[in-house]
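> Turn this into a model:
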Amino acid sequence: MSKIIGIGMLDVRNISEDLAQEITKIEDIGTLVESDESRVLLKNCEKINVASTIKVPKEINIIIQNGKMKVDRDYLEGLVKSVSIMVNGILTFENDIDIKLFDDKVYSVLLNGKLICTKRLAVAVQSKGIINGKIVNYNNDYKFFSGNFKLTNSFLKSLKSDSKLAFEQLIIIDDIDIKLLKEKISNIQILDKVVMLDEYEDEISPYIDEYYTVNKTLIPQGSGGVQYIDGDISIDDISIRKYDHNVLYVDGDAEIYLKDNIVFDQYIEHLICDTVVCNEKTYEIIKDGLDKNVEVEIIKGKLLNNKGKLILSGNLEEEVTIRNMGKLIFDENLDYEKFNENVASIINYGLIEVPEDKLNTVNNKITDNYGKIMTPKEEKAEESNDDTEKILYGNVAELKL
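Residues are numbered from 1 along each chain as shown. Predicted structure coming up:
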């Protein structure tokens, strides 16, 4: 008897009767693609931890894409027969596709990620399969721009007059020729958020559909201008010196750690972000420059943020707060006296591996535990498998039987 384990996409539609009788277990599968025939042949097979199952007739071809996939009218018209589309990532159906063409050419859709399409097509796509993730649908006759889009005069010059545009997130912080904007744009749809200088609001808001309902952030100009940061940022005594009386808009979190008595507004006059992570001393330095909507997380020492695999060994020479979102290994050679002295707290969302004789020492530092804490012995025991079944296929991205 055999089993199949750890497959991203497993297509069993054409499985033979002999092979089906040999397989007793299918485990840890991302997507299981079946047919009516395969369901009968595998009716006695145990299926464990299968994220999604979809039935597709054997004669239908499957198109698989990991990452980004854009489908337009030319793409669909080039297909000889209907297909099943499976995407892990972002799937975009362009606005030149009508419902009839989509219905004729697409048998089913399985998406783990984000769907981008017109409002007209959204219901048709959802009715064809499974969408695990976010659906972004925009007005039917608008041109869509995904992600964070920064509006500039050069972009405006490239447009036809009276363009209708849809943006996921629109950033307007550069000098904009308002006369040119009024000539080139008739309507703007905002799907997520608009970020713009407050001096532009009166001129631009009439062009934004249902502006009163839009999620918006208005930014003061600042004597040194505005800088936009796409994603999280860390600021310390050295990196802060690249700013000069700027307004800083961070589309994410800001970790700030200042040791010296720095005059914050000499570098950053105003800071807008989701969350500021800092210690008490730093907060006293920066508090007057924070936007009123910024959340503040006060920690002790410096933040040690692990999102991958990190091995702690040797000495910890400065006070830290540890946030683990990956795998954190405490080595036997770590100086645990320094650890006790300099680790303020540990917040765990992932896996922590600790020597058995140091388990209590580390546990005493954990203030919040949303993950798992194990000794090396326990981890090896968990990884060992007493199952006598033979693994027929394992750890494969895609497998067709």
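> For Ile173, which non-adjacent residue is spatially closest?
Distances taken as C-beta to C-beta, 6 or more residues apart in numbering place Val226 nearest to Ile173, at 4.4 Å, with adjacent residues excluded. Where C-beta positions appear, they are placed from N, C-alpha and C, glycine not excepted.
> do Met1 as well
Thr24 (4.5 Å).
> show me what contacts that neighbour?
Met1, Ser2, Lys3, Asn44, Cys45, Glu46, Glu389 (C-beta atoms under 8 Å, 6 or more residues apart in numbering).
> ok, the first one touching Glu22?
By that I understand Met1. Yes - the criterion here is C-beta atoms under 8 Å, and Met1 meets it with Glu22 at 6.8 Å.
> Ramachandran coordinates for Tyr207?
Torsion angles at Tyr207 (phi, psi; degrees, to the nearest 10) stand at phi -90, psi -10.
> Please tell me the pLDDT value assigned to it.
Per-residue pLDDT puts Tyr207 at 95.
> count of residues packed around it?
Using other C-beta atoms under 10 Å, Tyr207 has 14 neighbouring residues.
> Look up how far Ile176 lies from it.
Applying C-beta to C-beta, to the nearest Å, the value for Tyr207 to Ile176 is 12 Å.
> again, but for Asn95
Distance from Asn95 to Ile176, counting by C-beta to C-beta: 26 Å.
> Ok, Ile131 next?
Taken as C-beta to C-beta, the span from Ile131 to Ile176 is 36 Å.
> need the contact list for Ile299.
Here Ile299 is in contact with Val277, Cys278, Asn279, Thr321, Ala344, Ser345 (C-beta under 8 Å, 6+ apart).
> Just the pLDDT at it, thanks.
So, for Ile299, pLDDT stands at 87.
> Adding secondary structure, write the contacts of Ile299 out as TSV.
Putting the contacts of Ile299 into TSV (DSSP: H, G, I helix; E, B strand; the rest coil) gives the following:
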residue	secondary structure
Val277	strand
Cys278	strand
Asn279	strand
Thr321	strand
Ala344	strand
Ser345	strand
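> And the furthest pair within the residues you listed?
Cys278 and Ser345 (14.9 Å; C-beta to C-beta).
> State the number of residues packed around Val33.
24.
> Which helix or which strand is home to the closest residue to Phe149 other than its chain neighbours?
The spatially closest residue to Phe149, leaving aside those adjacent along the chain, is Phe167, at 5.1 Å (C-beta to C-beta, 6+ apart). Taking DSSP states H and E as the criterion, Phe167 maps to strand 163-172.
> and that strand, average pLDDT?
95.
> Over to stretch 22-30?
For stretch 22-30, the per-residue pLDDT averages 84.
> Likewise for stretch 52-71?
Here the average pLDDT along stretch 52-71 is 88.
> Alpha carbons only: can I get it in PDB?
The C-alpha atoms that make up stretch 52-71 are tabulated as PDB, following Å, rounded to 0.1, in the frame of the first residue of the first chain:
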ATOM      1  CA  SER A  52      -9.200  22.600  -2.200                       C
ATOM      2  CA  THR A  53     -10.900  20.100  -4.500                       C
ATOM      3  CA  ILE A  54     -12.200  20.800  -7.900                       C
ATOM      4  CA  LYS A  55     -13.900  18.600 -10.500                       C
ATOM      5  CA  VAL A  56     -12.800  19.000 -14.100                       C
ATOM      6  CA  PRO A  57     -13.800  16.600 -17.000                       C
ATOM      7  CA  LYS A  58     -10.900  14.700 -18.500                       C
ATOM      8  CA  GLU A  59     -11.200  16.400 -21.900                       C
ATOM      9  CA  ILE A  60     -10.700  19.900 -20.500                       C
ATOM     10  CA  ASN A  61      -7.100  21.200 -20.500                       C
ATOM     11  CA  ILE A  62      -5.800  22.900 -17.400                       C
ATOM     12  CA  ILE A  63      -3.700  26.100 -17.500                       C
ATOM     13  CA  ILE A  64      -1.600  26.500 -14.400                       C
ATOM     14  CA  GLN A  65       0.200  29.800 -13.400                       C
ATOM     15  CA  ASN A  66       2.200  30.700 -10.300                       C
ATOM     16  CA  GLY A  67       2.600  34.500 -10.000                       C
ATOM     17  CA  LYS A  68       0.700  36.900 -12.300                       C
ATOM     18  CA  MET A  69      -1.500  36.000 -15.200                       C
ATOM     19  CA  LYS A  70      -3.300  38.500 -17.500                       C
ATOM     20  CA  VAL A  71      -6.100  37.300 -19.800                       C
END
